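1. For reference, the sequence and a predicted model appear below.
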Amino acid sequence: MKNVMACVIATAFLMSGAFDMFRQRRRTAILDEIVQFVRFVESELHFRSPDFYSLLDTAKKQGYRYLFFQNDKIITDKFCPSEIKTDFYRFTERIGTTDTYGQIALCQEYIERFTHILQEYKVKEKNNLQVNGALSVLGAVCVLVLFI
């Protein structure tokens, strides 16, 4: 019974670490997809100058995994950090509100902003993945050593 309990607790440590690592990677993937989306919008505006609704229709066909299109709005995944979500919603609300050159300048501003944040997230993700992985394995090993 004692060994089973030790294995269950050790598995809980490992699963907790794995979930935290999954969450970190997903946040970075969401931010990467947001950068790709803003670059897509800039490219579309630069070469085609579509109206907002045809831009949304074209974006829907791109197959984004973490961005969802509902009722002419673009919604991010639930794991998206709130500060990124707020900035992204500000960006999407301003699409189609000025002329083409203003929209391209807006896209360039947000590409720069999100790219900078993405680079910071990648550095943090690398460090956090190593720490989370090591701590979850260490916790599991400690539990097994203490109980067995």
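-> Everything's here; your move. Numbering: from 1, shown residues only.

2. For the rest of this, base every contact and every neighbour count on C-alpha atoms.
-> OK.

3. Residues contacting stretch 124-133, please?
-> Stretch 124-133 is contacted by residues 17, 18, 20, 21, 24, 25, 28 when judged by C-alpha atoms under 8 Å, 6 or more residues apart in numbering.

4. and the two most separated of those residues?
-> 17 and 28 (16.9 Å; C-alpha to C-alpha).

5. ok, back up a step: inside helices: which ones of the contacts of stretch 124-133?
-> Judged by DSSP state H, helices contain the following of the contacts of stretch 124-133: 17, 18, 20, 21, 24, 25, 28.

6. Tabulate these (CSV), appending neighbour count and pLDDT.
-> Formatted as CSV, these follow (neighbours: other C-alpha atoms under 10 Å; pLDDT from 0 to 100):
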residue, neighbour count, pLDDT
17, 21, 82
18, 17, 82
20, 17, 84
21, 19, 84
24, 20, 86
25, 18, 88
28, 22, 91
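
7. Closest to residue 141 out of those?
-> Set against residue 141, the nearest of the ones in helices among the contacts of stretch 124-133 by C-alpha to C-alpha is residue 17 (13.1 Å).

8. I figured the closest one hits residue 135, correct?
-> Yes - if you go by C-alpha atoms under 8 Å, residue 17 and residue 135 touch, sitting 7.5 Å apart.

9. What about residue 6, how many residues nearby?
-> 20 (other C-alpha atoms under 10 Å).

10. now the strand or helix carrying it, how far from the chain's geometric center?
-> Under the criterion of DSSP states H and E, residue 6 resides in helix 2-47. Centre-to-centre, helix 2-47 and its host chain are 7 Å apart (C-alpha atoms, centre = their mean, to the nearest Å).

11. Give me the helices and strands touching that helix, please.
-> Using 3 or more C-alpha pairs under 8 Å, 6 or more residues apart in numbering; DSSP states H and E, the elements in contact with helix 2-47 are helix 52-60, strand 67-70, helix 100-147.

12. List the buried residues for the second one?
-> By that I understand strand 67-70. residue 67 (16 or more other C-alpha atoms under 10 Å).
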